[in-house]
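Engineer: Sequence isn't available, so here's the structure alone:
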């Protein structure tokens, strides 16, 4: 008996150690002593008052809403002393994390996971709840087993046993009320706890603002608060106004931990919808921790009927044909061909520059095209998870851009996937159309006009030849500034830093230093410059022809930051396709001539775009959404140049027209 008492006291001492945890909103059990973990206790959070068991992954979570803190957990073998210890620790930890003078509300549930005869136990701190039940006239709550139990405890407080350690004698008085079902427990807990509005008004006798049972106020986050949870060991994301803590899910995420780290600390609603099934919304509810109450960037209305029908039709397209939209063996042959082309191009330019200028020129063109194709195929496919279902493949396939092209695949993902695809052509959100106060070009009506814009349709295409150099330099600027326009850059882990700096170092070595051992420095740099010009023009002209034209929409959000069309319509209205019937243009542009289809279904491999573009176009016609497509690339490029010329004109000339 003495041994059992000592063992129990030792466990209470271990639980008391939780009080030393850092004060924070969320404390996960990886910080718990291993001796407690080894006891097999499993904890779960309460999401919208519905319990979700995280298999055997234990955690303790506290959710702060104003002055409300709620705890929920499940335990294998509940016993009075263990439950009291957990509750005591929870309250003490929460009190320390709260500002002085705040009121703490704490709820906890414990139940065996097996079909044991022991009934579930619900514990509530009577010390902090008593005022809530006094003068409460709602018969639904005052007659509930929990409320009755509280009144009974007030009249007959439990005695403190002397066998417990002295430090536990001062704990709050407890209520342990046997409840038949967990559903009733949740109802009772919701009824006796006041709403956050009631707490704010310091009027505990006021009736709850919620009309129905089982609705407790949820934690809230501003976007500034959310943005602080952006490190690999603290990952919160927001999806359609709900905040989820996916820290413990990083290594289990089918899309890999990198994708969650990219989205950490931000609203990823559009990215989430682009790559997940509707059923995934239900799955992530287990990670729910609160509500997002402000927005950093623009938001969109709920998905329209057009978007839902389009998704269903594309899904049916692949199901009917038995095709995996990410599995295309032929794409690997293309990747190999691109790398062989790069090798041949480098060989020709380095071995022929002093003997045959024509071969050297051919080599620079081939290496330039190959570099562009790396960006259009392996990088682009990997960044959109559109080739295989393996996150490791995506990461290292995308890193070809770092080591071969000297440009960061991680920065590309922030600019292209997080920024451009989420907020296409929206001023102040899409980094692809981000401009300075006195920019080198004018592409938006919102930009101030300056005289140097008059000939911009002539000089801007020439400046596009500097895209490769600009991208490499911009990578460093983004890394040290921590932002790309309005898109924040999250901290890099060790692997990210290796790929970022290692890739740039290797690029300088094999493209400049190594050739300079056999050629002059001037020849080495000149060959790279010519190759870069080919790469830059190849990429820039194909990109700009799809989005930067007068024909497409340039949405302006309202005063509340809400765009007047849903995300699916936005992708259609801000994009132009061209030469969609041409296999050659689909190959040369990495299928970006099917830009509309790519924007709506980025997770589908480019190989299938020619097949599903007719489905997209047909659905657009049925719903009255304008699908834009030019017969040739030259027509699309001409429209871009016309757009530059129109915005370069003097404002008075445009008004006269």
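Structural biologist: Thanks, I have it. Since this is a predicted model, take the numbers as computed values, not measurements.
Engineer: May I ask which helix or strand encompasses the closest residue to residue 254 other than its chain neighbours?
Structural biologist: In space, and not counting its chain neighbours, residue 254 is closest to residue 389: 7.3 Å by CB to CB, 6 or more residues apart in numbering. From N, CA and C alone the C-beta is placed, and that goes for glycine too. Using DSSP states H and E, residue 389 is not contained in any helix or strand.
Engineer: what does residue 360 give?
Structural biologist: helix 357-374.
Engineer: what mean pLDDT would you report for that helix?
Structural biologist: Averaging pLDDT along helix 357-374 gives 94.
Engineer: elements contacting the helix or strand following it?
Structural biologist: Downstream of helix 357-374, the first helix or strand assigned by DSSP H and E is helix 380-383. Packing partners of helix 380-383 (3 or more CB pairs under 8 Å, 6 or more residues apart in numbering; DSSP states H and E): helix 391-398, helix 409-412.
Engineer: Can you point out the buried residues in helix 380-383?
Structural biologist: By 16 or more other CB atoms under 10 Å, the buried positions in helix 380-383 come out as 380-383.
Engineer: So the closest residue to residue 298 other than its chain neighbours, which state does it fall into?
Structural biologist: Once flanking residues are discounted, residue 298 sits nearest to residue 557: 4.4 Å by CB to CB, 6+ apart. Assigned with DSSP: H, G, I helix; E, B strand; the rest coil, residue 557 falls in the coil class.
Engineer: contacting residues around residue 557?
Structural biologist: 298-299, 426, 563-564 (CB atoms under 8 Å, 6 or more residues apart in numbering).
Engineer: 10 Å instead?
Structural biologist: By CB atoms under 10 Å, 6 or more residues apart in numbering, the contact list for residue 557 reads 295, 297-300, 423, 426-429, 563-564.
Engineer: got CSV for those residues, with pLDDT, distance to residue 448 and neighbour count too?
Structural biologist: Output for those, formatted as CSV (pLDDT from 0 to 100; distance: CB to CB, whole Å; neighbours: other CB atoms under 10 Å):
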residue, pLDDT, distance to residue 448, neighbour count
295, 94, 27, 17
297, 94, 23, 19
298, 94, 22, 23
299, 94, 27, 18
300, 95, 28, 23
423, 96, 22, 27
426, 95, 19, 22
427, 93, 13, 19
428, 91, 15, 15
429, 94, 19, 23
563, 95, 24, 19
564, 92, 25, 12
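Engineer: Let's see which of these end up in strands.
Structural biologist: Among those, no residue falls in strands (DSSP state E).
Engineer: What is the nearest of those residues to residue 490?
Structural biologist: Proximity of the contacts of residue 557 to residue 490 was ranked by CB to CB; the top entry is residue 297 with 15.6 Å.
Engineer: Backbone dihedrals for the residue nearest to residue 298, both of them.
Structural biologist: Backbone torsions of residue 557, given as degrees, to the nearest 10, read phi -70, psi 160.
Engineer: Distance check, the residue nearest to residue 539 when sequence neighbours are not counted against residue 290.
Structural biologist: Residue nearest to residue 539 in three dimensions, not counting chain neighbours: residue 372, with 5.2 Å by CB to CB, 6+ apart. Distance of residue 372 to residue 290, computed by CB to CB, to the nearest Å: 44 Å.
Engineer: more neighbours, the two?
Structural biologist: residue 372 (26 against 21; other CB atoms under 10 Å).
Engineer: dump the residue contacts of that one.
Structural biologist: 338, 405, 467-468, 531, 534-540, 542, 588-590.
Engineer: with those in mind, which one is nearest to residue 346?
Structural biologist: Within those, the smallest distance to residue 346 is 8.8 Å, found for residue 531 (CB to CB).
Engineer: Name the SS class of that closest one, please.
Structural biologist: helix.
Engineer: what about the nearest residue to it once chain neighbours are set aside, how many neighbours?
Structural biologist: Nearest non-adjacent residue to residue 531, counting by CB to CB, 6+ apart: residue 368, 4.2 Å away. Residue 368 has 23 neighbouring residues, counting by other CB under 10 Å.
Engineer: Could you pull up the residues touching residue 368?
Structural biologist: Counted by CB under 10 Å, 6+ apart, residue 368 has contacts 342, 345, 468, 528, 530-538.
Engineer: Max pairwise distance over those: which two?
Structural biologist: The most widely separated members of the contacts of residue 368, counting by CB to CB, are 342 and 537 (17.4 Å).
Engineer: Who has more neighbours out of the two?
Structural biologist: residue 342 (22 against 19).
Engineer: Tell me how many other residues crowd residue 631.
Structural biologist: Neighbour count for residue 631, taken as other CB under 10 Å: 12.
Engineer: Leaving out the residues flanking it, which one is nearest to it?
Structural biologist: Nearest to residue 631 is residue 579, by CB to CB, 6+ apart, at 6.8 Å.
Engineer: ok, now how distant is the one you found from residue 279?
Structural biologist: 37 Å.
Engineer: cool, and residue 363?
Structural biologist: For residue 363 relative to residue 279 (CB to CB), the value is 51 Å.
Engineer: Touching, residue 625 and residue 310? I think so.
Structural biologist: Yes. Residue 625 is within contact range of residue 310, at 9.1 Å (criterion: CB atoms under 10 Å).
Engineer: and for those two, which residues touch both?
Structural biologist: In contact with both residue 625 and residue 310: 304, 568-569, 572, 616, 619, using CB under 10 Å, 6+ apart.
Engineer: ok so, going back, tell me which of the helices and strands packed on helix 380-383 is the most buried.
Structural biologist: helix 409-412 (a mean of 25; mean count of other CB atoms under 10 Å).
Engineer: Now do that helix: which elements does it pack against?
Structural biologist: Judged by 3 or more CB pairs under 10 Å, 6 or more residues apart in numbering; DSSP states H and E, helix 409-412 is in contact with helix 257-263, helix 380-383, helix 391-398, helix 400-405, helix 467-481, helix 494-508.
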